[in-house]
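In: take a look and give me a structure for this.
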Amino acid sequence: MAPVHDCLVVGAGLSGLMAARQLHRAGFSVQVFEARPRVGGRMWGRTLPSGAWIDFGGQWVGNTHRRFRALLEEYGARRFPSPAHGATVLCFDGRRFEFRGFFQGFPEGDAPAVSPEEWQDAMAAWSRLSALAAQLSSLPPMDHPSLSAWDAQLFSDWIRENTRTAFGSWYFSYMVRAVGYLGPAEPHEVSLLHVLLGQRFAPQADHPEAELIHGGAGQIPHRIADELGRRLHLDCPVHRVEYSTESLTLESAMGRFAGRFAILALPPRLMDQISFSPALPLPRQLVQRHMKMGRCAKILVSYERPFWRNRGLAGIGIGNLPWIELCADSSDPEQVVGILAVFVAGERYTRWATLTDEARRLALLEDLATYFGPEARAPLSYDEVDWPADPWTRGAFAGYLPPGVWSTSGSALAEPVGPLHWAGTESAPEWPGFFEGALAAAEKAADAVATRLSNLGRLPQ
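Out: Residues are numbered from 1 along each chain as shown. This is a model prediction of the structure:
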């Protein structure tokens with residue numbers, strides 16, 4: 001007779017691995033199933049021939065990411081401040097500005113030398129957005145009288161009503177595409193409520209990109225996987241889940257597995273690859289059906305040295321260029337090589353993805369040359385990660401809910417269904433879309449499963 005495991009975990013990204021590790025360390029029996037031939041999900045990287053590392057997925061550590069910082073310390077992974085010495089470059093409508101300040105949603109230092117009218121327009125609208133976000137008290141949102149109205153309003157409409165200049169309009173469009181909450185998305189694809197949730201529960205004001213990790217974030221999933229050992233099954237997609245108050249069975253590429261509880265640590269959009277019997281409740285179905293993954297490719301470009309620093313530049317480029325709205329210096333100070341992390345998002349990604357390999361490369365290098373000078377056209381290496389084309393991810397950084405879904409079904413993102421619990425960064429109560437969110441969701445799901453196992457009289461072994 002096949003054993004009945006305490007918990008079956010679907011997905012070996014950071015959230016699934018940590019939920020499994022927490023239960024394993026508590027003495028419960030776990031099995032982890034991953035469709036890919038590797039662990040890590042969106043936390044993945046490699047070492048270049050030069051010896052420098054690159055992260056294909058997430059890479060940054062925030063000042064208030066206490067869980068993630070503790071995990072790095074546990075594994076002895078050293079952090080360093082994100083390179084930011086020198087001037088940030090802003091390119092807007094053919095104008096190029098260099099300034100020393102933090103631009104992404106929480107202005108600090110000097111402002112770029114756009115006209116006073118343009119900057120005041122953006123900052124006045126920013127104050128109004130921040131005041132609305134401060135009214136939200138929980139994620140998912142359930143307790144504000146304006147929820148339905150905010151969720152019914154396209155963010156593009158809010159931008160049009162609250163800005164007067166082309167720069168002010170672009171400033172908020174850039175925010176939701178390049179550094180926005182979950183997504184990234186175009187302003188017409190999300191509601192005002194969606195953006196307010198991001199400003200409240202994953203705020204740029206807390207500097208979530210404050211630090212990087214020597215050796216890259218991609219090293220961490222392998223450390224966790226080593227502890228789980230043979231409890232982890234790769235190349236093993238789960239096709240079907242049968243559940244009731246009395247039993248739970250997963251059908252996978254390795255056969256059927258029985259468990260008392262399950263934690264599904266996948267982006268909700270990927271749940272359509274699993275059939276559930278009985279069918280999930282309608283709110284959960286709606287969340288899974290309507291959540292979309294952000295359209296974003298990440299490109300890592302390396303150079304023999306971080307040449308931009310000789311020009312007094314920080315390696316941070318922002319602007320409404322044809323392809324690149326955001327790029328950032330990701331160079332390790334213990335390496336000679338210079339690394340730029342480049343993002344192509346939203347409708348720019350859709351156009352860029354139709355180009356030939358060489359045309360995509362040349363297009364991005366030309367934008368980098370506009371930001372940092374002609375030396376950007378001669379990289380040492382060039383690596384593209386087309387996240388929307390990955391069948392086991394379908395996009396990056398994370399998933400987003402379209403207008404009307406947050407206020408009606410958003411609570412289903414984390415609400416258990418019988419023996420089924422949900423993890424993954426999209427279901428996090430704080431910092432969704434970040435590593436910290438993945439860990440918060442894992443902790444919440446594992447705590448709930450451990451409590452339920454104890455209530456059943458199932459004691460850790």
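In: run a quick neighbour tally on the closest residue to G57 other than its chain neighbours.
Out: Once flanking residues are discounted, G57 sits nearest to R42: 4.0 Å by Cβ to Cβ, 6 or more residues apart in numbering. (C-beta placed from N, C-alpha, C; glycine too.) Neighbour count of R42, defined by other Cβ atoms under 10 Å: 27.
In: again with P237
Out: With neighbours defined by other Cβ under 10 Å, the count for P237 comes to 18.
In: could you find the closest non-adjacent residue to it?
Out: A35 (3.7 Å).
In: residues in contact with stretch 318-328: which ones?
Out: For stretch 318-328, the surrounding residues in contact (Cβ atoms under 8 Å, 6 or more residues apart in numbering) are 82, 88-93, 103-104, 170, 174, 177-179, 209, 315-317, 340-345, 348, 352, 363-364, 367-368, 370-371.
In: chain center to it: distance?
Out: Distance, stretch centre to chain centre, for stretch 318-328: 19 Å (Cα atoms, centre = their mean, to the nearest Å).
In: so what pLDDT did S138 get?
Out: On the pLDDT scale, S138 is placed at 87.
In: out of everything not next to it in sequence, what's closest to it?
Out: Closest to S138 by Cβ to Cβ, 6+ apart is P429, at 7.9 Å.
In: near that neighbour, how many other residues are there?
Out: 16.
In: can you give me the mean pLDDT across the strand or helix carrying D226?
Out: Element membership for D226, per DSSP states H and E: helix 220-228. For helix 220-228, mean pLDDT is 98.
In: over to stretch 293-306?
Out: 97.
In: list the buried residues for that stretch?
Out: Buried positions in stretch 293-306, judged by neighbour count with 16 or more other Cβ atoms under 10 Å: M293, G294, R295, C296, A297, K298, I299, L300, V301, S302, Y303, P306.
In: poorly predicted segments of the stretch 1-150 of the chain, please.
Out: Applying pLDDT under 70 to the stretch 1-150 of the chain picks out residues 1, 102-109.
In: tell me where it has strands.
Out: Ranges of strands within the stretch 1-150 of the chain are 4-10, 30-33, 45-47, 53-55, 79-81, 87-92, 95-99, 101-102, 108-109, based on DSSP state E, counting those that start in this stretch.
In: mean neighbour count added to these, as CSV?
Out: Output for those, formatted as CSV (neighbours: other Cβ atoms under 10 Å):
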stretch, mean neighbour count
strand 4-10, 25
strand 30-33, 25
strand 45-47, 16
strand 53-55, 24
strand 79-81, 13
strand 87-92, 22
strand 95-99, 14
strand 101-102, 15
strand 108-109, 11
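In: of all these, which one is nearest A445?
Out: strand 4-10 (9.0 Å; Cβ to Cβ).
In: circling back to that earlier point, who touches the residue nearest to P237 in this structure?
Out: D235, C236, P237, V238, W392.
In: same thing but at 10 Å, please
Out: 10-12, 41, 233-239, 252-253, 266, 270, 273, 391-392 (Cβ atoms under 10 Å, 6 or more residues apart in numbering).
In: got it, and F434?
Out: Counted by Cβ under 10 Å, 6+ apart, F434 has contacts 58, 60-62, 65, 68, 182, 202, 208-209, 397-398, 425, 428, 440.
In: just L340 next, same as before
Out: 299-303, 306, 308, 315-317, 324, 327-331, 364, 368, 371-372, 376, 379.
In: tilt between the helix or strand hosting D447 and helix 220-228?
Out: Using DSSP H and E, D447 falls within helix 435-455. Angle of helix 435-455 versus helix 220-228, following axes from the mean of the first three to the mean of the last three Cα atoms, to 10 degrees, is 20 degrees.
In: what distance do you get for W431 to L321?
Out: 29 Å (Cβ to Cβ, to the nearest Å).
In: before we move on, what about F97?
Out: 13 Å.
In: what's the overlap in contacts for the two?
Out: With Cβ under 10 Å, 6+ apart, F97 and L321 have common neighbours C91.
In: so T393, which state does it fall into?
Out: Here T393 is recorded as coil under DSSP: H, G, I helix; E, B strand; the rest coil.
In: surely it touches W387?
Out: Yes - counting by Cβ atoms under 10 Å, T393 touches W387, with 5.5 Å between them.
In: residues that sit against both of these two, list them.
Out: R42, G57, M293.
In: on that earlier part again, send over the helix holding D447 as PDB, restricted to the C-alpha atoms.
Out: Once non-C-alpha atoms are left out, helix 435-455 reads as follows in PDB (Å, rounded to 0.1, in the frame of the first residue of the first chain):
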ATOM      1  CA  PHE A 435      11.400  36.900  -3.000                       C
ATOM      2  CA  GLU A 436      10.100  38.200   0.300                       C
ATOM      3  CA  GLY A 437       6.600  37.600  -0.800                       C
ATOM      4  CA  ALA A 438       7.400  34.100  -1.900                       C
ATOM      5  CA  LEU A 439       8.800  33.400   1.600                       C
ATOM      6  CA  ALA A 440       5.800  35.000   3.300                       C
ATOM      7  CA  ALA A 441       3.400  32.900   1.300                       C
ATOM      8  CA  ALA A 442       5.400  29.700   2.100                       C
ATOM      9  CA  GLU A 443       5.500  30.500   5.800                       C
ATOM     10  CA  LYS A 444       1.800  31.100   5.900                       C
ATOM     11  CA  ALA A 445       0.900  27.900   4.000                       C
ATOM     12  CA  ALA A 446       3.300  25.700   5.900                       C
ATOM     13  CA  ASP A 447       2.100  27.100   9.300                       C
ATOM     14  CA  ALA A 448      -1.500  26.400   8.300                       C
ATOM     15  CA  VAL A 449      -0.700  22.800   7.200                       C
ATOM     16  CA  ALA A 450       1.300  22.100  10.400                       C
ATOM     17  CA  THR A 451      -1.500  23.300  12.500                       C
ATOM     18  CA  ARG A 452      -4.100  21.200  10.700                       C
ATOM     19  CA  LEU A 453      -1.800  18.100  10.900                       C
ATOM     20  CA  SER A 454      -1.500  18.700  14.700                       C
ATOM     21  CA  ASN A 455      -5.200  19.000  15.000                       C
END
